[in-house]
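Participant: Let me see the structure of the following:
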Amino acid sequence: MLKKYLFLILFFPTILLSQEERYPVFDVCKGEEITSIKDCFLETTKKHFFSEFKTPAIVENENFTGTANSMFVVTADGEFKLIYVNTPYEAIKKEVKRVFDNFPKITPGWFNNHAVEMQFELPIQFPINISKTKTKANFKTTKTKKVKTTKKLNFNEVVAQKNIEDATFIEHSSRLNIPFTHQRYVDFEYALHKAKGTHTASKPYTYDEVSAYYDLTKEKKQFLKPEKQSWLGKKVWNEHLLEVKNKDYWFTVDFLLDVQLGKDNSDVPYTFNNSRIVHINGEILKNLSFSTTYYESQGRFANYINRFIENPAPNVRPRNSEGLVPGRGKAKRHRTDSFDYPVAEAYLAYTPNKYMQFQFGNGKNFLGDGYRSFVLSDVSAPTTYLKLKANLWKFQYTNLWMWNTEPSLQSAFDPNEHARKYVAAHYLSINVNDRLNLGFFETAVTRGGNGIDAGFLNPIIFYRSLEFNRGEDAGNAILGLTGKYKLTDQVSLYSQLVVDEFSFNKLDALGRWENKFAFQLGAKYFDAFKVKNLFLQLEYNYARPYTFAHETSSLNYGNYSQPLGHLWGANFWEAVGIARYKRGRWSGSAKLIAGKKGFDFVDQAVSFGGDIYQSYNIRFSDSGNVIGQGNTANIFIADVQANYLINPSNRTNLIASLSYRNFDINTPLPGFPSGQTVWFSIGVRADLFNWYFDF
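Facilitator: I've put the predicted structure just below:
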């Protein structure tokens, strides 16, 4: 009888405890009294979380104060899973998820002799103050047992699907490119400029690259119009035309416009542009992204642009074509006095890890911090490219391999095919400290007769000897140095120096034709004079005669009869002043450009060094070469533009622009007539690329 009583005394508390709800148990908490397990779990969770959590840069930059409540569960298998974070900052959501993904596996919670899933709430106070942070438990009446039924979604999958359904701008967490336009990139550059350890020269940026420092969703959500409930109203003001979202993939489709109508002071009855655009973006499993954009366009522009398109110069005009639309490509005649110019751009991006991305496609890239760039600009037509972009520690490394086209030349193998040439470019950006960034650039150009030399696929920088060892004048090499200095959180200074060729033994005679170099000096002022969203920029560009030219245009630094660097080519100086401002949906810009450039004459018998498509073998002189020599032109351009944002999802805008151009040249040319132009235009335009009419 005594043994029975003893058994009941020992067994009865066990029965009671087995019915109690027990918190999950970390290894360090094992051996604790059951009444202490709760406190040990909560305290250890807090320690683990905040020892790993790093406040995102965007939160620090914006001095965010407030609370982000995170909901997480410890599953019946003892694993931590994030459910939800109540915050507008995507960067906080990513960081919280990363931290919980790194938690150790522990002993799960226990109820009624079964391992169960328990849900908890962890409020995160910004700025971080661990001592004031408390972990709260939030138990549900239904517990998920370790044995699960089939044909049902678990709780995490349901939450994931709900988050996808609620996503307004799903591309913001993607690895897709943000279309590069100078007006749009001001905010991004400012956010990157204020942060530490960032790189700003290699463009376009990707969404995930920017979202770590700038809240894209917060910016766009303020412009949504929830009162628009009809299908048409939502598509015009708020949404993509089509969105397909799934746990493993998503894509969006937009039908966009670049429709403009205007008038200049010439005999042209009116100017217009009529582009119908299909724009598709998507992503598969977070690693594979894709984008394609097709433009079907007709246009008639201000008279000086029409004359440029129809330029009959044999080293510029595309073979079997009516002309060349600047920055877009070949044109054929539309009616009798306008042009038809279709354009297609697309790329496929693969992001194997957080450090690098590969892109292959047809489009444009830009290297530099200025409005112009001598290193690589986006002024020529889209070209086929392969890009590797890597970020590691203080370094950002961009490799570009480009398959360029020269429509004024025929292929050596097929007279009906345009000539090809290949460009391999390396750009290494280094953050020397929190204020100073230096960049090193090199490029090698080779003819396309035998295809791209496998040696140029080498991703390692400083391989100038490769081009030299291939043979005398078998290729062309260019070197460059860039710099950026953070003067204050609002002011940055930037520069470029590009050397095409230089005679160090003739430093006392810079007028020698071999001294082919260009440089840029500039400054940017964000929130100028403490006026929010006022941006000012000053820039000076200088390029010696014959810079970027070669003995044959198949080896010059150009693509599709336009420079790969500065729009003006060479043999010029230029001063640029830009002001940009935005308030709500409204934004505007004003631009002033003044400069001097030397052109050739109509017969093109002698090259004065301004046209990079002229051979330097027919140069004007070996020595005494000066800026503006030859057929000198003085250029002044003033441009004002206003924009009203219609749809924040696809960046459609109402636009109005007024420009004045005074082009005073000694001897007018067919592609560059002398005179003054006043041009007014209004329309609807999707913000996808930069138009450059300032030449």
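
Participant: Regarding stretch 605-616, how distant is the last residue from the first?
Facilitator: 11 Å (C-alpha to C-alpha, to the nearest Å).

Participant: Mean pLDDT per helix and strand in this structure: which one sits at the bottom?
Facilitator: helix 2-18 (a mean of 39; mean pLDDT, DSSP states H and E).

Participant: The spatially closest residue to Phe64 that is not a sequence neighbour and Arg98, how far apart?
Facilitator: Leaving aside its chain neighbours, Phe64 sits nearest to Phe126 (5.2 Å; criterion: C-beta to C-beta, 6 or more residues apart in numbering). (Each C-beta comes from the backbone N, C-alpha and C, glycine too.) According to C-beta to C-beta, to the nearest Å, Phe126 and Arg98 sit 17 Å apart.

Participant: Those two: which is more packed in?
Facilitator: More neighbours surround Phe126 than the other of Phe126 and Arg98, with 17 against 13 (other C-beta atoms under 10 Å).

Participant: Dig out what that one forms beta bridges with.
Facilitator: Beta-bridge partners recorded for Phe126 (DSSP bridges): Gly66.

Participant: Asn69 is in contact with that one, correct?
Facilitator: No - taking contacts as C-beta atoms under 8 Å, Phe126 lies outside contact range of Asn69: 11.8 Å.

Participant: Buried residues in stretch 269-280, which are they?
Facilitator: Thr271, Phe272, Asn273, Asn274, Ser275, Ile277, His279, Ile280 (16 or more other C-beta atoms under 10 Å).

Participant: go on, stretch 669-683?
Facilitator: Leu669, Gly671, Phe672, Pro673, Thr677, Trp679, Ser681, Gly683.

Participant: and the residue nearest to the fourth one when sequence neighbours are not counted, what does it touch?
Facilitator: So the one you mean is Pro673. With C-beta to C-beta, 6+ apart as the criterion, Pro673 has its nearest non-adjacent residue at 5.3 Å, and that residue is Arg307. By C-beta atoms under 8 Å, 6 or more residues apart in numbering, the contact list for Arg307 reads Pro670, Gly671, Phe672, Pro673.

Participant: Tell me how far the residue nearest to Phe49 when sequence neighbours are not counted lies from Tyr427.
Facilitator: For Phe49, ignoring the flanking residues on the chain, the nearest one in space by C-beta to C-beta, 6+ apart is Val99 at 5.8 Å. Going from Val99 to Tyr427 by C-beta to C-beta gives 34 Å.

Participant: what does Ile58 give?
Facilitator: Counting by C-beta to C-beta - Ile58 and Tyr427 are separated by 25 Å.

Participant: So the two - more neighbours on which side?
Facilitator: Neighbour count, other C-beta under 10 Å: between Ile58 and Tyr427, Tyr427 has more, with 26 against 23.

Participant: So for the helix or strand hosting that one, what gets flagged as buried?
Facilitator: Per DSSP states H and E: Tyr427 is located in strand 418-431. For strand 418-431, a neighbour-count test (16+ other C-beta under 10 Å) marks 418-429, 431 as buried.

Participant: what does stretch 220-227 give?
Facilitator: Lys220, Leu224.

Participant: now that stretch: mean pLDDT?
Facilitator: Averaged across stretch 220-227, the pLDDT comes to 88.

Participant: do stretch 85-96 as well
Facilitator: According to the model, stretch 85-96 has a mean pLDDT of 87.

Participant: Just the ones of the contacts of Arg307 in strands?
Facilitator: Judged by DSSP state E, the subset of those located in strands is empty.

Participant: can you list those in a markdown table and add pLDDT and distance to Ile452?
Facilitator: Supplementary listing: those in a markdown table, determined by pLDDT from 0 to 100; distance: C-beta to C-beta, whole Å:
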| residue | pLDDT | distance to Ile452 |
| --- | --- | --- |
| Pro670 | 93 | 35 |
| Gly671 | 93 | 31 |
| Phe672 | 95 | 34 |
| Pro673 | 94 | 39 |
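
Participant: For the chain, give me the ranges with low pLDDT.
Facilitator: 1-20, 32, 34-35, 130-168, 449-451, 463-474, 503-508 (pLDDT under 70).

Participant: Which of the buried residues of stretch 669-683 sits closest to Asn643?
Facilitator: Gly683 (10.9 Å; C-beta to C-beta).

Participant: Next up, the contacts around that closest one.
Facilitator: Asp258, Val259, Gln260, Leu261, Gly262, Asn273, Leu654, Ile655.

Participant: Name whatever forms a beta bridge with the third one.
Facilitator: Just to be clear, that refers to Gln260. Going by DSSP bridges, Gln260 forms beta bridges with Asn273, Gly683.

Participant: Many thanks, have a good one.
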